[in-house]
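Participant: Kindly return the folded structure for what I paste below:
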Amino acid sequence: MNDSLLSEEEIDQIVEQQANDESAWESSIFVQKNSTSVFLPSEVATKAVFFANLHREPSVETWLIRVIQERIQLEEAAFLQIKGELVKDSSK
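Facilitator: Have a look, this model is predicted:
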């Protein structure tokens, strides 16, 4: 069976049918997460801890990840909008 010919719905159906069948699955693999260190000036780190606590995040790291992800989404949206406008202007 060629997976590229299956629709997403068909793939979902197969996965659901095989979900509890251990023989249908390959062995588990473990992926080691690479961590990255980022230096924050003490003033920024102190403010980050304050706002993480204010938002009742379990850790400052969790809060920082959420804030960074939200910012990246904003930046991507702005980038795509500008890119679209440039393409539109260049086709005139």
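Participant: Of all residues in the chain, which one is nearest the centre?
Facilitator: Q69 (7.3 Å; Cα atoms, centre = their mean).
Participant: Can you name every helix or strand that the lowest-mean-pLDDT helix or strand in the chain contacts?
Facilitator: For the chain, the helix or strand with the lowest mean confidence is helix 8-18, at a mean of 86 (criterion: mean pLDDT, DSSP states H and E). If contacts are counted by 3 or more Cβ pairs under 8 Å, 6 or more residues apart in numbering; DSSP states H and E, helix 8-18 sits against no helix or strand. (Glycine included, C-beta is placed from N, CA and C.)
Participant: And the next helix or strand along the chain from it, what's buried?
Facilitator: Toward the C-terminus, helix 8-18 is succeeded by helix 42-54 as the next helix or strand (DSSP states H and E). Neighbour-count burial for helix 42-54 flags 48, 52 (criterion: 16 or more other Cβ atoms under 10 Å).
Participant: elements contacting helix 42-54?
Facilitator: helix 60-90.
Participant: Centre of the chain to the helix it packs on, how far?
Facilitator: Centre-to-centre, helix 60-90 and its host chain are 13 Å apart (Cα atoms, centre = their mean, to the nearest Å).
Participant: what's the distance between E22 and S28?
Facilitator: 11 Å (Cβ to Cβ, to the nearest Å).
Participant: do the same with Q73
Facilitator: Distance from Q73 to S28, by Cβ to Cβ: 31 Å.
Participant: So which of these two has more stuff around it?
Facilitator: Q73 (10 against 5; other Cβ atoms under 10 Å).
Participant: how much space between that one and L80?
Facilitator: 11 Å.
Participant: Model confidence score at V87, please.
Facilitator: Turning to V87, the model gives it a pLDDT of 82.
Participant: ditto for S4
Facilitator: For S4, pLDDT reads 63.
Participant: How about V31?
Facilitator: On pLDDT, V31 comes in at 81.
Participant: And the one 3 residues further on, by the same measure?
Facilitator: In this model, N34 is scored at 83, pLDDT.
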